[in-house]
Structure formats: structure tokens, C-alpha cells
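Student: quick one, what's the 3D model for this:
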Amino acid sequence: MSVLVNLNFPIKQNKLDDFFSMMSEALKETRVFDGCISVKTYHEEGTHNVLLIEEWESFDKQKAYLNWRVETGLLEVLVEYLDGELSVKKYILKNNV
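Tutor: Residues are numbered from 1 along each chain as shown. Sure, this is the predicted structure:
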């Protein structure tokens, strides 16, 4: 059963283009990470909010990915782009509904 992880990034107004450039490279590695099914990036019209929708085979595989990102320093890099708190929500697919 797949799971979704949604990350909402409030990006500084003057950093939006740089953020997209940086994430374009970073997400290449995400998409080939073990357990990643897909990653899609959305920009909320008229704002500086960016939504990342990640689909994973399991929360365990997404957690392994997150641990790897912490180890490699990507989360520290993200801080320079954020204009507020990163919001993370996790969802489990309910096939029988």
C-alpha cells in the first residue's frame, strides 16, 4: 500500500526561482531513491508557497530517505529559502473507501 507525504514550503519572495533551481537538481536524487514512486511539485498561484507531493511504497522507505537527506545536509540548505515553518503531512491510502 502506498503512502503520501505532503510538504508545504513557504519560500522567501526573493528566493523562489533559486529554490526551484535547487530543488530541480535535488529531486532527481529523490526520484531514484529506493521506495519513491513519484514526486510532484506545485506552486500555489499568487503566493510563494510550494507544495511537494511525494508518493512512497511505505513510511519506512520515506523515513530512510529523510534520514539520508539529513545526513547529506539538504535540510540545512533549505533553511536559507524558508520564510516560515515547513509543514509536513502524511497520508495512508485507503483502498476500501
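Student: longest helix anywhere in the chain?
Tutor: helix 16-31 (DSSP state H).
Student: which strands or helices does that helix pack on?
Tutor: Other elements packing on helix 16-31 under the criterion 3 or more C-beta pairs under 8 Å, 6 or more residues apart in numbering; DSSP states H and E are strand 36-43, strand 49-56. Glycine gets a C-beta too; all of them are placed from N, C-alpha and C.
Student: in JSON lines, list those strands along with mean pLDDT and distance to V70.
Tutor: Listed next are the helices and strands packed on helix 16-31 as JSON lines, based on pLDDT from 0 to 100; distance: least, C-beta to C-beta, whole Å:
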{"stretch": "strand 36-43", "mean pLDDT": "98", "distance to V70": "17"}
{"stretch": "strand 49-56", "mean pLDDT": "98", "distance to V70": "16"}
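Student: out of those, which is closest to P10?
Tutor: Nearest of the helices and strands packed on helix 16-31 to P10, taken as C-beta to C-beta: strand 49-56 at 5.6 Å.
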